[in-house]
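# my questions concern the predicted model and sequence given below.
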Amino acid sequence: MSTTVIRGGRIIDPANKRDEIADLVIADGRIAEKPESGKRKAESEEIDATGLIVAPGLIDIHVHLREPGFAHKETIASGARAAAAGGFTTVVCMPNTSPAADNPSTIAWIKDRAKDVACVNVLPTGAISKDIAGDDLASIGSLAQAGVVAITDDGHCIQNHELMRRAVEYARMFDLPVLDHCQDYSLVGNGIVHEGYWSTLLGLRGWPAAGEELIVARNILLAELCDHHIHCQHISAAGSVRLLREARRRGVKISGEVCPHHIALTDESVQTFDTNFKMNPPLRSPEDVQALLGGMADGTLSILASDHAPHAGFEKEVEFDQAPFGIVGLETELGLFLTVLLHQHKTVDLRRIIEMYTVEPARLLKLEAGTLSTSATGDVTLIDPEKEWTVQTDQFQSLSRNTPFEGWKLKGRAVRTIVAGKTVWTL
Ligand SMILES: [Zn+2]
């Protein structure tokens, strides 16, 4: 019997509406009622959590682990270490690997690999369409059987609404949530930065906000038509927030997530032509940032995620036009959200930030995670919300360094990550 006792921390467990200073015990990998007194433990660990937040293990539902196929950017092992260093005990990986995760054998490979090498829980998603090409549906039933937690064509977006409708109907039959990267190809074209003042001034091709809003509206209509949940990934535009707010008020099964770069930065940054400011969807205007902050404060946007998208240096060190979209995020996201939401804007409190990283994603994907209930898996994140630190890419566990936040001073970070009672990372 192995026991871990986390002493004296402030336990914030939104699933159980709990917020108190107490000890938390993990016995044999599960949350226990209290220490078994009298018995001598074969193995016992004490962790002093005075002054720290004791939260359920955080979940990031949007990461690219790049394996199979792109191990020079990230591997399942390195991505899991980056997750642990960011305070995450569970990550959900996207299917745009090579081969694409559009079939049961690739899903089985990812699960086996994760079991062997990952220090956190890795849950795969499956593709909606074959080869993520948007033409024919993947075999959604066999993906469900293979154990995916959701389907998505992330990085791409199914343009044919009839095909998307069939996908949502199949997903409903197998009780699988649908996640969608919202991008209308005909409107966005070859756009690379937000269409507005800076795209005009710099002569960079624009990616209009309406290109996202159109697909958010499509997804709202399909969620209603099919009576099944669609989750809109990495929302960036004010109009998307308005659409989601109205639909959620009417009870439509629709939700949206926010990534930290979309609230910490605006499109003004692209004037540096630094390709670490190039992401999809792009950084938007200050008005869009305000709308995202409002949407997070009133519950319209309910999930926080990174869109961790590692790329090797040689891939990003090219002309802005040529560079791939995306940045790494696992090791900076919690610090950025705590800095921006809790300390700067004070618009979302600590309990809600933890809820958006635990209860909300667990509910969406029907995971047995995100809670400190007795007998739940002992996944725990210790957070110091006041800790001041500087982002240093040479400290990253990720194989990639493509971040625009190098040198940023942040306030708040995870200081220890515990998976099934075992410390997998500590500061
Ligand atoms: Zn995406």
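That came through fine.

# CA atoms for contacts and neighbours, from now on please.
OK.

# Gly335 is in contact with Phe405, correct?
No - in this structure, Phe405 sits apart from Gly335 without contact. The criterion is Cα atoms under 8 Å, and the distance is 10.9 Å.

# and the two? which has more neighbours close in?
Summary of the neighbour comparison: Phe405 and Gly335, criterion other Cα atoms under 10 Å, with Gly335 having more neighbours (28 against 22).

# would you verify that that one is located in a helix?
Yes - Gly335 forms part of a helix when assessed by DSSP: H, G, I helix; E, B strand; the rest coil.

# wait, it touches Trp408, no?
No - at 10.2 Å, Gly335 and Trp408 do not qualify as touching, with contact defined as Cα under 8 Å.

# tell me the contacts of the closest residue to the ion within the stretch 301-427 of the chain?
Each residue of the stretch 301-427 of the chain has a distance to the ion, by Cα to the ion, and the smallest belongs to Asp307, at 7.0 Å. Asp307 is in contact with His62, Val63, His64, His234, Cys259, Gly326, Ile327, Val328, Gly329, counting by Cα atoms under 8 Å, 6 or more residues apart in numbering.

# got the contact list for the nearest residue to the last one once chain neighbours are set aside?
The one in question is Gly329. If the residues on either side of it in the chain are set aside, Gly329 comes closest to His308, at 4.5 Å by Cα to Cα, 6 or more residues apart in numbering. The neighbourhood of His308, defined by Cα under 8 Å, 6+ apart, consists of His62, Val63, His64, Gly326, Ile327, Val328, Gly329, Leu330.

# for Ser375, same thing?
Going by Cα under 8 Å, 6+ apart, the list of residues near Ser375 reads Arg30, Ile31, Ala32.

# do Val380 as well
For Val380, the residues meeting the contact criterion (Cα under 8 Å, 6+ apart) are Val54, Ala55, Pro56, Gly57, Leu58, Thr89, Leu372, Thr417, Ile418, Val419, Gly421.

# turn the contacts of Ser375 into TSV, columns for pLDDT and neighbour count.
Converted to TSV, the contacts of Ser375 look like this (pLDDT from 0 to 100; neighbours: other Cα atoms under 10 Å):
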residue	pLDDT	neighbour count
Arg30	97	21
Ile31	97	24
Ala32	95	22
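
# so how many other residues sit close to the closest residue in space to His311 that isn't next to it in sequence?
Nearest-residue entry for His311: Lys73, 5.0 Å, with adjacent residues in sequence omitted and distances by Cα to Cα, 6+ apart. Around Lys73 sit 22 other residues, with neighbours defined as other Cα under 10 Å.

# Lys73: which element?
Assignment of secondary structure by DSSP states H and E places Lys73 within no helix or strand.
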